[in-house]
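# Fold the following and give me the result.
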Amino acid sequence: MISRTLYAAAALAALAYAAAAPAAVEIGRAAPDFKAQDLSGAQHSLQEYRGKLVVLEWNNPGCPFVQKHYDSGNMQNLQKEFTQKGVVWLTVNSTNPHSGDFRTPESQRSWNLEKHLASTAYLEDPNGAVGRLYGAKTTPHMFVIDRNGVLVYAGGIDDKRSTDAADIAGAKNYVVAALNSALAGQPITTASAPPYGCSVKY
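Got it, this is the predicted structure:
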């Protein structure tokens, strides 16, 4: 069982990196480094993935917009598709432990197994340091970082601001477009879009 001590350690590590990083992220500039722990206690940093495309996906299982993409299998399918192409996909949860949406590591692990998550790692950010570092506003809020560590996309997953899974099929998926362009070495035509979803429960 992972204790609250794990959250304290994760919070301290994230705060140390956040304190030295810029106040906001900008498209076309270096994405700030961070350290955060996954559900097993292993530590991950953005720096260790330099040379790879990285997706940051903000998550809260209690959010209907998140449920839209997970109950339909859409998010997992994207995770699987792009991790198989060498993309690092980090799912981040910045829910405060005092929020009603907060899940213990055991509960979160069960949800991940139930939904068949295929991301590279599920990172816990209980004090919201990583979320605030990136200005994550909603769940989901998506960021794409290129092989040089530069932020090349930030915003909503697509252009259908709804909780209806039926809208996924006809949506323009900005994350898919950004990743496909980056993988092909082509410019990204849409580098930002308004994020939509539930507010991050800092």
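# remind me which residues of this structure are low pLDDT?
Applying pLDDT under 70 to the chain picks out residues 1-24.
# Let me see the ranges of the strands in it.
Secondary structure of the chain (DSSP state E): strands located at 35-38, 43-45, 54-58, 88-93, 121-124, 138-139, 142-145, 151-155, 198-199.
# can you redo those as TSV with mean neighbour count?
(Glycine included, C-beta is placed from N, CA and C.) Shown next, in TSV, are those (neighbours: other C-beta atoms under 10 Å):
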stretch	mean neighbour count
strand 35-38	22
strand 43-45	15
strand 54-58	25
strand 88-93	23
strand 121-124	23
strand 138-139	25
strand 142-145	26
strand 151-155	23
strand 198-199	15
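# Could you dump these into CSV and include distance to Ser162?
Formatted as CSV, the strands of the chain follow (distance: least, C-beta to C-beta, whole Å):
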stretch, distance to Ser162
strand 35-38, 30
strand 43-45, 32
strand 54-58, 18
strand 88-93, 21
strand 121-124, 25
strand 138-139, 13
strand 142-145, 16
strand 151-155, 16
strand 198-199, 13
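# Name whatever forms a beta bridge with the residue nearest the centre of the chain.
Nearest to the mean C-alpha position of the chain, by C-alpha atoms, centre = their mean, lies Glu57 at 1.8 Å. Beta bridges link Glu57 to Thr91, Met142, judged by DSSP bridges.
# what sits against it?
Neighbouring residues of Glu57 by C-beta atoms under 8 Å, 6 or more residues apart in numbering: 75, 89-92, 119, 140-142.
# how about JSON lines for the residues you listed, with distance to Glu81 added?
As requested, the contacts of Glu57 are exported to JSON lines (distance: C-beta to C-beta, whole Å):
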{"residue": "Met75", "distance to Glu81": "11"}
{"residue": "Trp89", "distance to Glu81": "10"}
{"residue": "Leu90", "distance to Glu81": "16"}
{"residue": "Thr91", "distance to Glu81": "15"}
{"residue": "Val92", "distance to Glu81": "20"}
{"residue": "Ser119", "distance to Glu81": "12"}
{"residue": "Pro140", "distance to Glu81": "16"}
{"residue": "His141", "distance to Glu81": "20"}
{"residue": "Met142", "distance to Glu81": "15"}
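# Looking at the residues you listed, which one is closest to Ser110?
Nearest to Ser110 out of those is Thr91 (C-beta to C-beta; 15.1 Å).
# So that closest one sits against Glu124, correct?
No. Counting by C-beta atoms under 8 Å, Thr91 stays clear of Glu124, with 10.2 Å between them.
# how much space between the residue nearest to the centre of the chain and Gln186?
As defined by C-beta to C-beta, to the nearest Å, Glu57 lies at a distance of 22 Å from Gln186.
# same check, this time on Gly131
Between Gly131 and Gln186 the computed distance is 30 Å (C-beta to C-beta).
# ok, these two, which is more surrounded?
Legend: neighbour count by other C-beta atoms under 10 Å for Gly131 and Gln186, higher for Gly131 (25 against 9).
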